[in-house]
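the following comprises the amino acid sequence and a computationally predicted model.
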Protein chains: 6
Amino acid sequence: MRVGVCAQVLYHQPFEEALATAATLGFEAIELPVDARNPFIDLDDALAGGWRRIAQTVRDTGLTISALSNHQEGQLLLGPHGVDTDAIHPGDTEEKIRYATRRLEQTAMLAERLEVGVVCGFTGCEDYSRWFPWPVEDGYERMGATFRERLVPLLDTFARHGVRFAHECHPRQFAYNLETARLALELVDGHASMGFNFDPANLVLAGMNPVVFVAELGDRILHVHAKDAEPVEHHVDRSGLLAHGRWDRRDRGFRFRIPGWGNLNWKQLISELRQAGYDGVLAVEHEDPIIGRVEGLRKAYEYLSPLVLREPPAPRWW
Amino acid sequence: MRVGVCAQVLYHQPFEEALATAATLGFEAIELPVDARNPFIDLDDALAGGWRRIAQTVRDTGLTISALSNHQEGQLLLGPHGVDTDAIHPGDTEEKIRYATRRLEQTAMLAERLEVGVVCGFTGCEDYSRWFPWPVEDGYERMGATFRERLVPLLDTFARHGVRFAHECHPRQFAYNLETARLALELVDGHASMGFNFDPANLVLAGMNPVVFVAELGDRILHVHAKDAEPVEHHVDRSGLLAHGRWDRRDRGFRFRIPGWGNLNWKQLISELRQAGYDGVLAVEHEDPIIGRVEGLRKAYEYLSPLVLREPPAPRWW
Amino acid sequence: MRVGVCAQVLYHQPFEEALATAATLGFEAIELPVDARNPFIDLDDALAGGWRRIAQTVRDTGLTISALSNHQEGQLLLGPHGVDTDAIHPGDTEEKIRYATRRLEQTAMLAERLEVGVVCGFTGCEDYSRWFPWPVEDGYERMGATFRERLVPLLDTFARHGVRFAHECHPRQFAYNLETARLALELVDGHASMGFNFDPANLVLAGMNPVVFVAELGDRILHVHAKDAEPVEHHVDRSGLLAHGRWDRRDRGFRFRIPGWGNLNWKQLISELRQAGYDGVLAVEHEDPIIGRVEGLRKAYEYLSPLVLREPPAPRWW
Amino acid sequence: MRVGVCAQVLYHQPFEEALATAATLGFEAIELPVDARNPFIDLDDALAGGWRRIAQTVRDTGLTISALSNHQEGQLLLGPHGVDTDAIHPGDTEEKIRYATRRLEQTAMLAERLEVGVVCGFTGCEDYSRWFPWPVEDGYERMGATFRERLVPLLDTFARHGVRFAHECHPRQFAYNLETARLALELVDGHASMGFNFDPANLVLAGMNPVVFVAELGDRILHVHAKDAEPVEHHVDRSGLLAHGRWDRRDRGFRFRIPGWGNLNWKQLISELRQAGYDGVLAVEHEDPIIGRVEGLRKAYEYLSPLVLREPPAPRWW
Amino acid sequence: MRVGVCAQVLYHQPFEEALATAATLGFEAIELPVDARNPFIDLDDALAGGWRRIAQTVRDTGLTISALSNHQEGQLLLGPHGVDTDAIHPGDTEEKIRYATRRLEQTAMLAERLEVGVVCGFTGCEDYSRWFPWPVEDGYERMGATFRERLVPLLDTFARHGVRFAHECHPRQFAYNLETARLALELVDGHASMGFNFDPANLVLAGMNPVVFVAELGDRILHVHAKDAEPVEHHVDRSGLLAHGRWDRRDRGFRFRIPGWGNLNWKQLISELRQAGYDGVLAVEHEDPIIGRVEGLRKAYEYLSPLVLREPPAPRWW
Amino acid sequence: MRVGVCAQVLYHQPFEEALATAATLGFEAIELPVDARNPFIDLDDALAGGWRRIAQTVRDTGLTISALSNHQEGQLLLGPHGVDTDAIHPGDTEEKIRYATRRLEQTAMLAERLEVGVVCGFTGCEDYSRWFPWPVEDGYERMGATFRERLVPLLDTFARHGVRFAHECHPRQFAYNLETARLALELVDGHASMGFNFDPANLVLAGMNPVVFVAELGDRILHVHAKDAEPVEHHVDRSGLLAHGRWDRRDRGFRFRIPGWGNLNWKQLISELRQAGYDGVLAVEHEDPIIGRVEGLRKAYEYLSPLVLREPPAPRWW
């Protein structure tokens, strides 16, 4: 295992400087978003040849690319297609689906060029609030046919490019916890190009134990986000776990944190990932509303680095 | 305080028999739904004079009506207006809103006739999944204007009929926890006809402590549902609190239960309700997928009855 | 074991009626306070012969007297002797000590007449806040000499009357937890007339586990108060366990409750009392600010009665 | 479901009186041990025709026999065969195995005669302490061959008599927790006559959650012992869960208790048993060292009876 | 934020050496006591001009003075005035009050000279044990008038010197928890010179959650003591939280510890302090009875330093 | 206190290299096993003079020997003597006892030569599963006579060599928890040569709190194993604490871990050891099935080293 970083927190710096910052802090790998909002990579330009410069720039800093990612545009695949996603790409449902499909395919093509085997992302969900089985008891299951219909061709495309899709379970995605992740896998007939970007903090929001996700679906984990979750003890009684509104309001009952500042047991998570055979990158995703950009990355690295298991275990010697 | 019951669990019996069952079990009051799906009361017919027979029938069993309720049709007020609610009333958004408005008004009128001061119900929510502040950070708050626009006239109508609306915080409603309940109150300028039907089990789903709802908004609690919540210890680690799908699947991480069979501390809830000055009915809402209809009501009554505080406290004597 | 009641909660009724109320609710015994503030018993009058009527009146209701008590006046023995205790008896330190000594002796004499073996009470404490070892590190221990000096003669007097003194550990008493109870016993050289009135709720205030008191000092437990303690979960984080002020303010972090409405595990307590050989009365002391006088007694009795162990265990049969 | 009782606690009474005691307390069924130590049934005599009187006597009290049991003699099947079991039956290993085999067969024959479908019992274990994988790492697994060799013929015999064997997981048995119960089932090729007598308290001693046993092996549960477990909070830190020595020593860290006086969540257990389709008897096994024989049975019955689910659940009505 | 130290632990060294020790260990600031017992600063001498040397000496080591403090002599302001405080300053009540007033004023004057904006300290309390509302129910509130009478003039004096008084909530002070801190603020009409020296360990003794103090009164926190609290798990059941006697007795149920060796969640505390806008010093107060002077300071610094948030957070970037 | 290591994890390296590895990682001491299975020390050879080379080799690396150990062969002293221990030394009971006795004596002799005051080891147990008081209630106590008979002469031998025996409480040993450790001490009349090698992880398996062992028997702790215990949260509900089978199966409910990766509170343990006066070595015993040999030692050292208390505490200074 190695410690990496998700690039978003460094968007305020030019690309080269951002990479240098990451490398200087000790990170060994970086996850690069390619959605239209990111300031580092223009997908069209990169596919037209720019990928060589990207690869070279990253290589020069000593980093590797652990994954490309495209959460924003992936959301349009299944929706919601109304005002919620107009800022990502305007248009009606058809246009949004077409856009998402094209952009995800381009992401896969760029990953192939850059020899990055994994694309992390979202798929969206027509209406995530259907998890509650009312007014329609099987409202959630009914969305399964569309999931299959849109995902299978996309996964086939990914397979042709030798890239796998690492879905990130998250609120507002069709697959948001262990059970819906299993459901998603079944719907695509266990497609070999389908896997997961394991982000334990998201699973806490669903009220489940992230370690169990690894214990049961560990062989489908293609990438890991090192993000912590803090149910804020002195607020959650009144704010609730499903707090709405701005991340930086002071009285939120739930916050994402950098690793080590939330409630997750990282030794337990890393032990289970190791037992599941995962030997890739733990990419720090810094969305902590309390700690500064670089200070947060530094603290996250210093926390995680001593915990990462780099050497293989030996057979029993005692 | 007294112990009542919600009528749905007795829909398999004729009205008179259902009332007799409730009375025989010891219940003192009943909450009567009036949506089109209920087999006991036809709203049009009741308003055309049938209310006299209803009142007489209930009176004959020795019960009182603690509240009318209309959750089903209230959902159409704010939505969602697509397939999720077609079974309640078909039509486009406009038709659904019109239907909900008319039916809620009728409900208030019937309450006035029956001298029942409270109508419990839902308001719906265009997209409840916007609680998660992404892709639009203030997506939830943006729905506030519509909430205000649809609710204020309705509450004015209720006021004219001398009836108050007791909203039930619940998934897929705009107000689903303490913070959104406060938000809802602010949006209607603290309208005197607006209050809450306190259902503690629903609040557990939002990851908050129901007692705190009483501690902070107790003076707006107009009615209480006695329903328990069981985060199923041996399943919730993998199923999650936000379990989707049928209520009776065996491996669900969350279940509604009759009072006493879940995790809620009813002595604590009753103590806080008492301190908030609540002296009304605790209406058992039996949606327990494990226990039979009448057996569940019997067990619920036997559990709750000894806990209810019927006499006022005295000044300090020690 | 049997279930009894402390008489204070019934001060609003005439003596005979109070006894009848207790008996009707099922109680089998009563603890009778004899301080000057009690409306039932005048100590001088009783010793002058009135005790016969008292005995007869109690006997007529089928109750027994589990203990006399004198907490109020016992407080004057060690203090504080300033304004805090002027309402109990005015005067300077000397006068207060003399009064306390005389009244406790009279209490013992009346107990002898009534053939009640136990007097429950307080001893007071010059300055209980010295538990915190600053500014004087051994400030608490230094008060030991006075404790010995005042208690030993009193205990000798009790011994002459064949009565034992059951001190109740409580804030503002020299012995307020297990360790200071042990200290008190040592200071009186393990005097045979010294024991404890075990009130588990008081010990919770000192942050200790009442079961351990029974496990270690069970053979010195002469009487038991059945009173529950509720660290109020949703207030204690801000109010604290050492909440000051009126018992009925709504946001207190700590409250005394009737048995079954607090956090104490009564099955555990009763099991340990049984194992310690205690076979006396559990006297319900109702100081619950939320529940009415008679309703509280009824609920307390209904809760405790099925838990009390009345038969002796048999040798192992399996 | 119904509430029954295990007969051992009533050995101090004559058979008819014991049955009458059970019936009077409310129990509906009884589990009858047939080992040589029991004072009620002589196995040889019963098989020689005495069974008719037994059946009649039980029938006369209105009880049914929920199961026969033979834990004592079953232990000899696999051992240990040294001094530990000489009091059950003396002799060398061969003799002990022969005796156990014959007695278990006789038990099955008597069950057939009495039309009781289940025999509860033990199988023993050569050395249970081999659960710890040292000095021989697979020491436990190595005992599997013998388990299979001795059990399969016995189960075949049971099958011929139309009776099933309900093994009770317990310390010193080969199958003592969920994993070894699964192992045992595999070793007998899932023999149709093999099942379990579910005793949740025993499983607590193995540090596992009994509810999970029901969730996973519920369809093999043939009988249930209603026995509670109390890890004694104030002693377990020093005594440990694996406390040795007499059950009635006061400072034990672990005790068996009657239902309701330990830590088990009986509503949870009963809910899960219901979901697993179990509709048989919960037989109170009273081995509580603190509570008297009949007082314990009374308290156990009063605790369990209101919890038992007697009616089937209805399809969703809400 | 920065990490500082309270000087007391270094009293065994000469002033210059003590400062050098602190600086060498990494501390950036120091809190200097000025009571008569401290060996570093003579208040009269310092005000007579010695302050220049003090300022220079501190400056030479690269440290800053985060606060002056005077807990000892502040205690005399409200008492207790008997033997408990004779070692601080002998005399009757009047003399003690006069002394305290003068010394606190001098402390403020020295702070002004040294350009230190904060003086930490105590105010004392006539009888802290009055938190328990018996024998006088409003005994605590009655002390409010004196608090106001003594504090307001003192705070006015502080204001004239441009210094604020940071009261430390603590047993034996009038303000010892969140509620009494609020009460104190009200009694001085929210005087602008009144604030708090936040010592989370002291608040644990009052059974409250220190984070909530920050969440509610964060804007009045002028200084912070980094001291940890350990309710000693294996002793607190018998010793209690309110343990009396020497800090180094082995079986105490409560101990002060250096940060990281108690139960406090420092990441949570620091996050909340950051959110409350606190950007000052966390001054390690080493009163850990188990760890040596310098070893304790080293461990405390190494624990806290990586947790301190030094950079400001950025607006949301994700 | 200092941090040491148990040699087993380095058996794959030659002796000199193993010592160098330990020293390079920072360890200051080593525990050397001398059983026949160890590759470093031949007991006969060492006693014949080889000890000088051993001493010199260790000294050359800057390490000290904290203890010799002989767990394997010590097991034969009390058994079990069947197949379980044939791999340690074949033969019948008599031969095994003789072998164990001789080897332990040799171990003591070598310790004397090497000036190592402590030998860690096991004593075995005829049948550890007798902790469960059935079928023979005092089955465990009955083994006491043999314990005494075999241990006392051995301890006398140890005394003659000026060496103490540090028994390690562990499953399958006569003394496996605090109560049996006390029993063992009593059986050898508190022999001055008898003490304990404190391995907290082993005690977790017995369901007790290791800190309490130190609090009660701290003065008999001669050596400490730094090994952590992980009741695997997401498996223990089904696997149980008493999991059988291979240490590296993925779904075990219990695992030994390196310090810091289990549930033990090392600051609490070290504080209590310090208070008990222990100032020796914490020897890391790496039996963690998830982490590699050297990586595990490195992580263990980095975790423990900052926690060790090296300096004595000072008298109270505050």
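In hand now; what should we look at?

number of residues surrounding A:Gly277?
For A:Gly277, the count of nearby residues is 9 (other C-beta atoms under 10 Å in any protein chain shown). All C-beta spots, glycine's among them, are computed from the backbone N, C-alpha and C.

mind checking which helix or strand it is in?
If you go by DSSP states H and E, A:Gly277 is not part of any helix or strand.

same check on A:Cys120?
strand A:118-121.

which one is A:Trp131 nearest to, not counting chain neighbours?
B:His244 (4.2 Å; C-beta to C-beta, 6 or more residues apart in numbering or on different chains).

in contact with that neighbour: list those residues for me.
Taking C-beta atoms under 8 Å, 6 or more residues apart in numbering or on different chains as the criterion, B:His244 is in contact with A:Arg130, A:Trp131, A:Phe132, A:Pro133, A:Tyr140, A:Glu141, A:Glu179, A:Thr180.

could you check how far the first one is from A:Asp138?
Right, the one you point to is A:Arg130. Going from A:Arg130 to A:Asp138 by C-beta to C-beta, to the nearest Å gives 9 Å.

between the two, which is the more surrounded one?
Comparing A:Arg130 with A:Asp138 by other C-beta under 10 Å, the one with more neighbours is A:Arg130, at 25 against 13.

hang on, the earlier thing: the strand holding A:Cys120 near chain E anywhere?
No: Strand A:118-121 is not in contact with chain E by C-beta under 8 Å from any C-beta of the partner chain; minimum separation 14.2 Å.

ok, that strand: who's next to it in the sheet?
Paired neighbours of strand A:118-121 in the sheet (DSSP bridges): strand A:64-70 (parallel), strand A:164-167 (parallel).

quick one: average confidence on the shortest one?
Taken as a whole, strand A:164-167 has an average pLDDT of 98.

and chain B, is the strand or helix carrying A:Tyr140 touching that?
Assessed by DSSP H and E, A:Tyr140 sits inside helix A:139-142. Yes: applying C-beta under 8 Å from any C-beta, one finds helix A:139-142 touching chain B at A:Gly139, A:Tyr140, A:Glu141.

buried ones in the helix or strand that that helix is followed by?
Going down the chain from helix A:139-142, the next helix or strand is helix A:144-160, by DSSP H and E. Of all the residues in helix A:144-160, those buried under the rule 16 or more other C-beta atoms under 10 Å in any protein chain shown are A:Gly144, A:Thr146, A:Phe147, A:Arg148, A:Arg150, A:Leu151, A:Val152, A:Leu154, A:Leu155, A:Thr157, A:Phe158, A:Ala159.

same thing with stretch A:279-290?
A:Gly280, A:Val281, A:Leu282, A:Ala283, A:Val284, A:Glu285, A:His286, A:Glu287, A:Asp288, A:Pro289, A:Ile290.

list the contacts of the last one.
When you say that, I think you mean A:Ile290. So A:Ile290 contacts A:Arg255, A:Arg257, A:Trp261, E:Ser271, E:Arg274, E:Gln275, E:Leu309, E:Pro313 (C-beta under 8 Å, 6+ apart).

those, buried ones only, as a PyMOL selection?
Per 16+ other C-beta under 10 Å, the buried members of the contacts of A:Ile290 correspond to this PyMOL selection:
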select buried, (chain A and resi 255+257+261) or (chain E and resi 271+274+275+309+313)
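
which one among the contacts of A:Ile290 gets closest to chain F?
A:Trp261 (18.3 Å; C-beta to the nearest C-beta).

right, and that closest one touches A:Ile291 too?
Yes: in this structure, A:Trp261 is within contact of A:Ile291 by C-beta atoms under 8 Å, at 7.3 Å.

now do the shared contacts for those two.
In contact with both A:Trp261 and A:Ile291: A:Lys299, using C-beta under 8 Å, 6+ apart.

which residues sit against stretch A:301-309?
By C-beta under 8 Å, 6+ apart, the surrounding residues in contact with stretch A:301-309 are A:1-3, A:25-27, A:226, A:258-260, A:266-267, A:270-271, A:274, A:282, A:284, E:306, F:290-292, F:295, F:299, F:302.

where does A:Leu269 fall, secondary structure wise?
Per DSSP H and E: helix A:266-275 holds A:Leu269.

what pairs with the following helix or strand past that helix, parallel or antiparallel?
The C-terminal neighbour of helix A:266-275 among helices and strands, as given by DSSP H and E, is strand A:281-284. In the sheet, strand A:281-284 lines up against strand A:2-6 (parallel), strand A:221-226 (parallel) (DSSP bridges).

of all those strands, which lies closest to C:Leu78?
strand A:221-226 (60.5 Å; C-beta to C-beta).

can you give the distance of that closest one from its chain's centre?
Taking C-alpha atoms, centre = their mean, to the nearest Å, the mean C-alpha location of strand A:221-226 is offset from the chain mean by 7 Å.
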